[in-house]
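# next one to model:
(one chain, ligands or ions: 2)
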Amino acid sequence: MKDAAPQTIHLADYAAYSHLVDSVHLTFRLSPDATRVISRIVFRPNPDAPAQPFFLHGEGLRLISASIDGAPVTPTLTETGLTCDVPDGPFVWETEVEIAPAGNTALEGLYMSNGMYCTQCEAEGFRKITYYPDRPDVMSIFTVRIEGAEPVLLSNGNPVAQGAGFAEWHDPWPKPAYLFALVAGELLAHPGEFTTQSGRKVTLNIWVRPGDEDKCAFGMEALKASMRWDEQVYGREYDLDIFNIVAVDDFNMGAMENKGLNIFNSSCVLASPETSTDANFERIEAIIAHEYFHNWTGNRITCRDWFQLCLKEGLTVYRDSQFTSDVRSAPVKRIEDVIQLRARQFREDNGPLAHPVRPESFVEINNFYTATVYEKGAELIGMLKTLVGDADYARALDLYFERHDGQACTIEDWLKVFEDATGRDLGQFKRWYAQAGTPRLSVTDEFADGRYTLHFSQQTPPTPGQDQKDPRVIPIAVGLLNPNGDEVLPTTVLEMTQASQSFSFDGLATRPIPSILRNFSAPVILERATSNAERAFLLAHDTDPFNRWEAGRALARDGLIRMILEGAAPDTAFLEALQAVARDDSLDPAFRALAMGLPSQDDLAQTLFDMGHTPDPQAIWQALETLKQAMAQHMQDLLPRLYAQYQIEEAYRPDATQTGARALANTALALLSRLDGGAQAQRQYDSAGNMTQQLAAYGCLLTVGKGTAATTAFYEQWKHDRLVIDKWFSLQIACADPAEAVDVTRALTKHPDFTMKNPNRFRATLGALTASPAGFHQATGAGYALLADWLIRLDPLNPQTTARMCSAFETWRRYDAGRQGLIKAQLDRILSTPNLSRDTAEMLGRIRG
Ligand code: ARG
Ligand code: ZN
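Ligands and ions are numbered 1, 2, ... in the order given. Below you'll find the model as predicted:
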């Protein structure tokens, strides 16, 4: 029976667990519908814990037997676990439970994917495997025995015994239950080896289903590069004899850093030139690095409680972005990250789901694996590094690993390390962790008698539950340029601590042009009244590549807003400035491709809303179309030359150089298609030797309405490959005319290959619709109704993925009364569904307000 309203958990209520766990021994007897899990857990009273009844988490378990020190006991079972009278001193707890992995569609705990057993325990999935104190501050040493007919039986740590129908694993490093993992199935290994800096040999494997073994080589190289990088940059060495990665088709998220046994969504590890785009390769490299880096930031040092999630995630995202910057292009990575930050985190921070990087309460922790915790969390690390400098950052990190290895820590611990290493007071900096919302940083300037002054003021709008915001420390990187383009002040970090603050620069012969917030030194919205002439100047001359790109972006945004609000024509100054960048062969092609990109529909909607207007999704889409057409016409002579110049003759490599060249050529192709009706795109499609070329051409053909033949051909060519067919689903929706996007989506949900049980396929379809604002926000409300229909169907099967997709509605208050009414009706319809999951109920409750 469903019961009382779900509980809200508060950070302020944290209390240590009653016991310490000295060791855990688990035996799994695998069977799809009746897996037996036998546990033997050695408990000892925790001297530092307040008095409390003995409690173990457990959900959906059938208890077969329980004993303490060998004597049978009868625990009291509750909704969420069990209680039991236990001895005052140490004791051995044993239970046997039965679970049914084949029926587990939530993909949390032990479940089956394509006939293989796998687990996902973070955040609170271990309680669906056996009774246990399923909280990250309870760390223990695990030994695991797996009994099953599957040829490959994997768990955490090092292998200790193996025979017909069984395997035993021992993990010497204490860990919380969320890092437990088990995999069993008919899998093939792509093997590798790594020698650590101290000379230990580590066996590496990427385990895949038969048929995928030709898609592992890139991931293996990325893994080795990550291992080397963490030694060289952070001094962190791997600590087991073996490191296994497993690719799983049905997975709610990207990947999981289980100790010594990382489990990946197959889309985040499998790669081949024929089936993966350059963007896929870059993302796979970053995720492999991310999960590997967790071995130190997350596993060796973990979180005390789930409110501290950003302790491991913010830091690890920051580390993986440093890695990508080092192995690819730092400016390109920064621009890509900021595009994503604005698209996902700013959107979240400026709507009903806004929450602090360290939240203070939650109902379902899975709802807090957010852009705010991850990406804004990483921005906070970057700001800290900017404030203390590289050398002190390195010293603080050394101290962090030295002081906290083997512990479950808090943000207080993290900041204290920086305070101790640098002598700085980070009391004010801590507000970044506690206050939600994106600060607006407005700036004016003046010049007199050789003195140039910048006046800044910061203000953060209220967010749910937080009306008042205190001023934060903001590192503002600035540079000054002369009108002739020379830099008169190289990048300097201003440390703003007040609500309003001014900074002056003396001895200047002429009024300089400021380049503010270089490299996006803080996650804020910069507001500055400036001229398009100045933006064009910065786009042409700024020495900071990020701000160069940013100037072009601001120019584009401004022009688009005038097109939308005033019916203005595309801005010729913008087209000229852009063409100058596009044809400048001294600039990195990847940078030029990014500069030729335009603000997203969602970005423009938020900008209009911030300006006090009600965004019209159709008008936004139309303005973007008009501008792209104008760009194509304006650059009609340049485009064929660019396209030809950046064709690659050499063998395919997914590195930064080739990726940049293909990005620029494909950007040119997209514009060219608007002039030649897709003729060049068809030629590229027909001759494409890799997925980057094929998919880009297919997208162009769909966009200009010539995609029908390619749609059939693409499907026939790739129907055996799930990950490629995901692309086929999503691209048809992404490139559909907005008026048809809902119908296209609905038709695809009726395709025999559509299944809501696979999160990748569900996201490729419904997620593609919600990512196309003009299509999703069709005035009839058909997009809202279609999404709601599917969320209602998916929720009983997979609450996590359902809840995550609810964020499609988070911007609803931006829109007109008609759309708001239609959305609200759908929110209410979903909310009134009987037995709605806690995950979805919490999300919709917060969105609806
Ligand atoms: N720790 C994983 C990562 O960042 C994410 C796992 C989250 N999974 C979940 N069901 N909440 O790589
Ligand atoms: Zn992570």
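# drop to CA atoms for contacts and neighbour counts, all remaining ones
Will do.
# list phi and psi for the nearest residue to Pro151 once chain neighbours are set aside.
Excluding its sequence neighbours, the residue lying closest to Pro151 (C-alpha to C-alpha, 6 or more residues apart in numbering) is Glu186, at 5.7 Å. Dihedral pair for Glu186: phi -90, psi 90, per degrees, to the nearest 10.
# give the contact list for Glu186.
116, 150-152, 209-210 (C-alpha atoms under 8 Å, 6 or more residues apart in numbering).
# closest to Gly818 among those?
Taking C-alpha to C-alpha as the measure, Gly818 sits nearest to Met116 out of these, at 47.6 Å.
# give me the distance between the two termini of stretch 286-306.
Stretch 286-306 has an end-to-end distance of 24 Å (C-alpha to C-alpha, to the nearest Å).
# brain fart, stretch 524-538
Note: stretch 524-538 ends 20 Å apart using C-alpha to C-alpha.
# cool, and stretch 135-148?
First-to-last residue span, stretch 135-148, C-alpha to C-alpha: 28 Å.
# tell me the mean pLDDT for that stretch?
For stretch 135-148, mean pLDDT rounds to 98.
# now it: buried residues?
Neighbour-count burial for stretch 135-148 flags 135-148 (criterion: 16 or more other C-alpha atoms under 10 Å).
# burial count for whatever residue of the stretch 451-600 of the chain ends up closest to ligand 1?
Of all residues in the stretch 451-600 of the chain, the one sitting closest to ligand 1 is Pro523 (20.6 Å; C-alpha to the nearest ligand atom). Each residue near Pro523 was counted by other C-alpha atoms under 10 Å, and the total is 24.
# how near is it to Cys700?
For Pro523, the distance to Cys700 - C-alpha to C-alpha - is 34 Å.
# go on, Ser772?
Relative to Cys700, and taking C-alpha to C-alpha, Ser772 is found at 16 Å.
# the two: which has the busier surroundings?
Between Ser772 and Cys700, counted using other C-alpha under 10 Å, the more crowded position is Cys700 (28 against 23).
# surely that one is within a helix?
Yes: assessed by DSSP: H, G, I helix; E, B strand; the rest coil, Cys700 belongs to a helix.
# identify the residues contacting it.
Neighbouring residues of Cys700 by C-alpha under 8 Å, 6+ apart: 669-670, 673, 678, 681.
# what about the protein, any weak spots by pLDDT?
Applying pLDDT under 70 to the chain picks out residues 1-4.
# got the residues of it near ligand 1?
122-123, 253, 255-257, 291, 313, 366, 369 (C-alpha under 6 Å from any ligand atom).
# at 8 Å instead, please
With C-alpha under 8 Å from any ligand atom as the criterion, the chain meets ligand 1 at residues 108, 120-123, 252-257, 287, 290-291, 294, 313, 365-369, 374, 800.
# please list the members of these that lie in strands.
Here DSSP state E is the test, and the residues of the chain next to ligand 1 give 120, 255-256 as lying in strands.
# between the residues you listed, which is nearest Gln647?
Ala255 (33.9 Å).
# state the distance from the residue in the stretch 551-700 of the chain that ligand 1 sits nearest to to Gly597.
Across the stretch 551-700 of the chain, the shortest distance to ligand 1 (C-alpha to the nearest ligand atom) belongs to Pro654, at 22.9 Å. According to C-alpha to C-alpha, Pro654 stands 21 Å off from Gly597.
# those two: who's more crowded?
Pro654 (19 against 14).
# let's verify the more buried one: helix, strand, or coil?
Under three-state DSSP, Pro654 comes out as coil.
# my read: it touches Phe281, true?
Yes: assessed by C-alpha atoms under 8 Å, Pro654 is found in contact with Phe281 at 6.4 Å.
# now do the helices in the stretch 51-200 of the chain.
Here the stretch 51-200 of the chain has no helices by DSSP state H, counting those that start in this stretch.
# would you map the strands across it?
Per DSSP state E, counting those that start in this stretch, the stretch 51-200 of the chain carries strands over the ranges 55-57, 62-68, 71-72, 76-77, 81-83, 91-99, 109-113, 116-120, 140-147, 152-155, 158-163, 166-175, 182-185, 188-195.
# nearest to Leu723, out of those strands?
The minimum distance between Leu723 and the strands of the stretch 51-200 of the chain falls on strand 109-113, with 14.9 Å, by C-alpha to C-alpha.
# coming back round to it: from Gln618, how far out is the residue nearest to Pro151?
50 Å.
# now swap in Thr463 and tell me
28 Å.
# those two: which is more packed in?
Set Thr463 next to Gln618 and count neighbours by other C-alpha under 10 Å: Thr463 wins out with 21 against 17.
# who is the more buried one paired with across the strands?
Using DSSP bridges, the beta-bridge partners of Thr463 come out as Gln466.
# what do you get for Leu20?
Going by DSSP bridges, Leu20 forms beta bridges with Arg44.
# that one touches Asp137, doesn't it?
No: in this structure, Leu20 is not within contact of Asp137 by C-alpha under 8 Å, at 9.5 Å.
# which residues sit in contact with Gln633?
Counting by C-alpha under 8 Å, 6+ apart, Gln633 has contacts Leu675.
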